[in-house]
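> A predicted structure for the sequence below; I have some questions about it.
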Amino acid sequence: TRAWQLNFSSVPKHTDDTLRIAPDYSWSVLLATGDPLDPALPAYANDGTDDAGSFARRAGDHNDGMQYFGMGRNGLWDAGNSDHGLLCVNHEAVTAAFLHKQGQTLIDGRRTVEDEVMKEMLAHGVSVVEVAREGKGFRLKRDSRFNRRITTFTDMEITGPAARSPLMVTKYSITGTRTRGTVANCANGHTPWGTYLTCEEERKS
């Protein structure tokens, strides 16, 4: 067997609460919680004062998976393009202590502030953003027509063999042809033909 050697210095073990990378490497933040996907939105205040509704156009919270799709100049999928494309990012959960000024409001164990609940629901789901290589890194194109959020409220059409099945009938869609929302997205992937897949985590009590 052939032994492969990686051409960079290792990073010594440490317990510091900081990011450390190998010499000659660099890092930068491309998309952070609350970052606007629309140039009309103000920068994220990150102090709990941001309007709940704005999260319909801001990056969500708690990413643990992402998928990059190269895109050609014609705006179509190009698997060979690593300089320009769409990045799909899942948002599994939220940290309420950071989303609200004083954490979640609970009275007798119940949520009582609608704006707080709305913000948390909108911070779940998926962000889709257009990115492009710039110098040695990438930049987010905030004015892209492709930028979008998929949240717990996003309306979706059900197609294929599942459509109109009695198992798909809900109060939201009595015909079994529509559903809405996605939450607790943990894991993702892609199809060979360039579409994004994301999964909801099963929770058992």
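Right, received. Where do you want to start? Every value quoted in this text rests on a predicted model; they were computed, and no experiment measured them. Numbers count the residues shown, from 1 in each chain.
> residue ranges with poor pLDDT in the chain?
Scanning the chain for pLDDT under 70 picks out 1-4, 6, 202-205.
> which ones are touching Arg149?
By CB atoms under 8 Å, 6 or more residues apart in numbering, the contact set of Arg149 is Leu37, Phe55, Ala56, Arg57, Arg58, Gly60, Leu122, Gly125, Val126, Ser127, Val128. Glycine gets a C-beta too; all of them are placed from N, C-alpha and C.
> So in the chain, which helix runs the longest?
Ordering each helix of the chain by length in residues (DSSP state H) puts helix 114-122 first.
> who does the longest strand along the chain pair up with?
Using DSSP state E, we find that the single longest strand of the chain is strand 125-134. Paired with strand 125-134 in the same sheet, following DSSP bridges, are strand 84-91 (antiparallel), strand 137-140 (antiparallel), strand 148-150 (antiparallel).
> Would you mind finding the most buried of the ones you listed?
Mean neighbours per residue, mean count of other CB atoms under 10 Å, is largest over the strands paired with strand 125-134 for strand 84-91, with a mean of 22.
> what comes into contact with that strand?
Contacts of strand 84-91 from elsewhere in the structure, counted by CB under 8 Å, 6+ apart, are 30-31, 59-71, 78, 123-133, 146, 185-188, 196, 198.
> If anything else comes up later, I'll come back, but that's it for now.
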